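A.B. asks: Below are the sequence and a predicted model for it; my questions follow.
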Amino acid sequence: MTEIDVSVVMPCLNEEKGIRICIDKIARVFAAHGVSGEIIVADNGSTDRSRQIAQAAGARVVEEPVPGYGSAYLRGLSEARGKYIIIADSDNTYDFNDIPRFLDALRAGRDFVMGSRFKGTIHKGAMPWAHRYIGNPILSWMTRMFFHTRLSDIHCGMRAFTRQAYQKMKLHTLGMEFATEMVVSAITNQLDIHEIPINYYPRQGESKLKSFSDAWRHIRFMLIYCPVWLYLIPGLIGFFAGMALLFILLKGPVLFLGHYWDVHLVVLSSLISIVSYQLVHMGLYAHTFAVGQGLLRQDRIIQLLQRHFNLEKWLLIGFVFFAAGIAINLLIFWEWFTQNFGPLYRIRESVLAMTLLVIGLQTMFSSFFLSLLFLKKRESANGKNTDH
């Protein structure tokens, strides 16, 4: 069997207008540069003549019945035999004459090479205004902020990577979020990522993109894989803001914006504090679990937890909060007792005490759960797993 150096994988769903053009371009590039390559078309249920056209043009067609952008790619990539793999859409939006530039970067030692339409040229009619100036920039900005990358075009469909890099990424999503998963996984696995400017052309045939639902799939994936922004940051902001309001209102009503803010805001502040504190703990659970499963790489948060987290210490901290809540309630009860159980107005203090009680209990029970998440397995001498 001839050794394959480069595999080009393209997903396909009713692309009879563009598939032949793409395959012919790839074949010419292979011939012109002496590349030993293969062209794989992963058909995702086409009802037109896409499969027949691709086979006649010399591509190897594999079928994936499960619908989805990721499904098609996972099927096609599982068939790839090349040392280097290049992926791109089969609608003629990308210029396959750029293949040598991608290969040069891989052969120079890069693991993962991304095209950038925004650093290159987006030709007239190639990308809708909303996608060009709103959707793609926002999603790319979110990825840069969440996952600390400088990539300019997160959703560019033309990419290249080594076989070893693909095996490290362990991709599994089935929909459009596959594009985001690939980037996030490349970052998480600390692959050597490089970006090159490319041209983007108007597509041949009808677009399959669903702007809002596909955008949501990308956002949902990023939030699931970034507990810091989903849980920790909103939780910390809400907790400190809620507790600050509680203590500000402890002395009595506060005049603000021409109105007095009183007991109702006290109750709301307590609710914000408790819910936000729970968000913080959920973030710690999710982040610790994700790092333990290899979904996220170890970062400063986990290093900080490993350095300072101690079950007994955090049980003590939780008990202090709980005891403070009990103490406030006892003081309120004592005042009521000394007034012969007469009328009493200590709503602010009661709400603060309740808040501290809940926070204390949450801290104590969460400490046990975090301890469980930090447990590690080691191989004993007899080959069985033991905890430590």
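C.D. replies: Yes, it's here.
A.B. asks: Do a quick rundown of the strands in the stretch 1-150 of the chain.
C.D. replies: All strands of the stretch 1-150 of the chain, identified by DSSP state E, counting those that start in this stretch, fall at 6-12, 37-43, 60-63, 84-87, 112-122.
A.B. asks: In the top helix by length along the chain, which residues are buried?
C.D. replies: The helix that spans the most residues within the chain, counting by DSSP state H, is helix 263-292. For helix 263-292, burial by neighbour count (16 or more other C-beta atoms under 10 Å) applies to 265-266, 269-270, 272-274, 276-288, 290-291. C-betas here are computed from N, CA, C, even on glycine.
A.B. asks: do the same with stretch 193-209
C.D. replies: Going by neighbour count (16+ other C-beta under 10 Å), the buried part of stretch 193-209 is 193-196, 198-201, 203-205, 208.
A.B. asks: Go through the residues you listed and name the one nearest His155.
C.D. replies: Using C-beta to C-beta, Tyr200 is the member of the buried residues of stretch 193-209 that lies nearest His155, at 11.3 Å.
A.B. asks: helices or strands up against the longest helix of the chain?
C.D. replies: Using 3 or more C-beta pairs under 8 Å, 6 or more residues apart in numbering; DSSP states H and E as the contact criterion, the secondary-structure elements in contact with helix 263-292 are helix 227, helix 233-248, helix 300-308, helix 347-374.
A.B. asks: Lowest mean pLDDT across the ones you listed, which one is that?
C.D. replies: Out of the helices and strands packed on helix 263-292, the stretch the model trusts least by mean pLDDT is helix 300-308, with a mean of 70.
A.B. asks: Next secondary structure after that helix?
C.D. replies: Heading C-terminal from helix 300-308, the first helix or strand you meet, by DSSP states H and E, is helix 311-338.
A.B. asks: Can you tell me which helices and strands that next one packs against?
C.D. replies: Packing contacts for helix 311-338, counted by 3+ C-beta pairs under 8 Å, 6+ apart, involve helix 347-374.
A.B. asks: Now do the helix it packs on against helix 233-248: the angle between them, please.
C.D. replies: 150 degrees (axes from the mean of the first three to the mean of the last three C-alpha atoms, to 10 degrees).
A.B. asks: got the buried residues for helix 347-374?
C.D. replies: Applying a neighbour-count criterion of 16+ other C-beta under 10 Å, one finds 348-360, 362-364, 366-367, 370, 373 buried in helix 347-374.
A.B. asks: ditto for stretch 311-323
C.D. replies: Counting neighbours by 16+ other C-beta under 10 Å, one finds that the buried residues in stretch 311-323 are 314-315, 317-318, 321-322.
A.B. asks: Other residues contacting that stretch?
C.D. replies: When contacts are taken as C-beta atoms under 8 Å, 6 or more residues apart in numbering, the neighbours of stretch 311-323 outside the stretch itself are 356-357, 359-368, 370-371.
A.B. asks: now it: mean pLDDT?
C.D. replies: Taken as a whole, stretch 311-323 carries a mean pLDDT of 92.
A.B. asks: show me what contacts the residue lying closest to Met114 once chain neighbours are set aside?
C.D. replies: Closest residue to Met114 apart from its sequence neighbours, by C-beta to C-beta, 6 or more residues apart in numbering: Glu195 at 4.8 Å. Going by C-beta under 8 Å, 6+ apart, Glu195 touches 113-116, 119, 151-153.
A.B. asks: for Asn136, same thing?
C.D. replies: Contacts of Asn136 were listed using C-beta under 8 Å, 6+ apart, and they are 118, 127, 153-155.
A.B. asks: now Tyr260
C.D. replies: Contact criterion C-beta under 8 Å, 6+ apart gives 253-254 as the residues in contact with Tyr260.
A.B. asks: Might you list the low-confidence residue ranges for the stretch 1-150 of the chain?
C.D. replies: Filtered on pLDDT under 70, the stretch 1-150 of the chain yields the residue ranges 1-2.
A.B. asks: all helices for it, in order.
C.D. replies: 19-32, 50-56, 69-79, 99-107, 129-130, 136-147 (DSSP state H, counting those that start in this stretch).
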